[in-house]
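Visitor: Okay, sequence plus prediction incoming.
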Amino acid sequence: MSGDHTPLDAGDRPHTVERSVTLPHAPASVTGARQRLCRDLRSMEISEDCVDDAALVLSELVSNALRHARPLPTPENPEDSVGVSWRAEVDRASQTCGWVEIAVRDGGSSTMPRVARPSLSGLGGRGLGIVQSLSGRWGTEIEATTTTVWAVLEIPAEGASHEVEVPYPETAADVVELRVHTSGGADARSALL
């Protein structure tokens with residue numbers, strides 16, 4: 001993984017981080033990018049729920065780029081690649097606390113990225129629906145030879161609710177959320193379809 005290796009800002013509780021990396025156009029890149037994002041966000045002492053949401057959004061965007069798009073057209077890098085970047089800012093004195101912006105850049109596709117409506121038994125097609133439900137905003141920027149899909153997630157202030165809207169209201173009755181208490185006192189969540 002090549003890219004920006006800039007250290008986090010100074011202090012015990014960093015308030016900004018910005019990364020830009022170039023990854024091989026291969027499935028293993030999803031894991032490496034996700035681990036690095038999680039490490040950056042945890043160093044900022046962001047809640048585990050927000051870290052998990054950001055990691056899921058990043059995974060979906062990178063997976064979609066690998067599955068549906070061409071690699072980046074970079075003559076200086078003959079290997080097939082995809083660009084990934086994120087920027088996070090936290091202001092613990094603020095009501096909203098902060099945000100994380102994630103962007104994935106690829107060589108484009110013959111179709112525009114869009115939210116699909118797969119059947120309940122369908123095995124795929126939920127990626128951008130997940131991104132849409134977890135992020136406050138998301139979008140696509142198309143240039144001559146590249147496409148960038150980006151998403152912005154809010155980081156709520158400590159103690160604020162971290163609720164996620166169900167992306168397909170007509171199927172909401174088919175989803176049941178269970179809250180399970182673990183031996184360590186932490187809540188665990190699961191969904192049944």
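Guide: Here it is on my side, so go on.
Visitor: low-scoring stretches of the chain, by residue?
Guide: 1-14, 74-78, 92-96, 112-127, 158-193 (pLDDT under 70).
Visitor: My guess is Leu41 contacts Ala54. True?
Guide: Yes: in this structure Leu41 lies within contact range of Ala54 using CB atoms under 8 Å: 6.0 Å. For glycine as for every other residue, the C-beta is placed from the backbone atoms N, C-alpha and C.
Visitor: which neighbours do these two share?
Guide: Val100 (CB atoms under 8 Å, 6 or more residues apart in numbering).
Visitor: three-state assignment of Val62?
Guide: Secondary structure for Val62, judged by DSSP: H, G, I helix; E, B strand; the rest coil, is helix.
Visitor: Next: Arg87.
Guide: strand.
Visitor: show me what contacts it?
Guide: Arg87 neighbours (CB under 8 Å, 6+ apart): Thr16, Val17, Glu18, Arg19, Val100, Glu101.
Visitor: who's the last one bridged to?
Guide: With beta bridges defined as DSSP bridges, Glu101 has these partners: Arg87, Val152.
Visitor: what's the answer for the fourth one, then?
Guide: Note on Arg19: beta-bridge partners Trp86, judged by DSSP bridges.
Visitor: Run through the helices of this protein in chain order.
Guide: 28-43, 48-68, 127-134 (DSSP state H).
Visitor: possible to save those as JSON lines with distance to Gly83?
Guide: Listed next are these as JSON lines, based on distance: least, CB to CB, whole Å:
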{"stretch": "helix 28-43", "distance to Gly83": "10"}
{"stretch": "helix 48-68", "distance to Gly83": "9"}
{"stretch": "helix 127-134", "distance to Gly83": "17"}
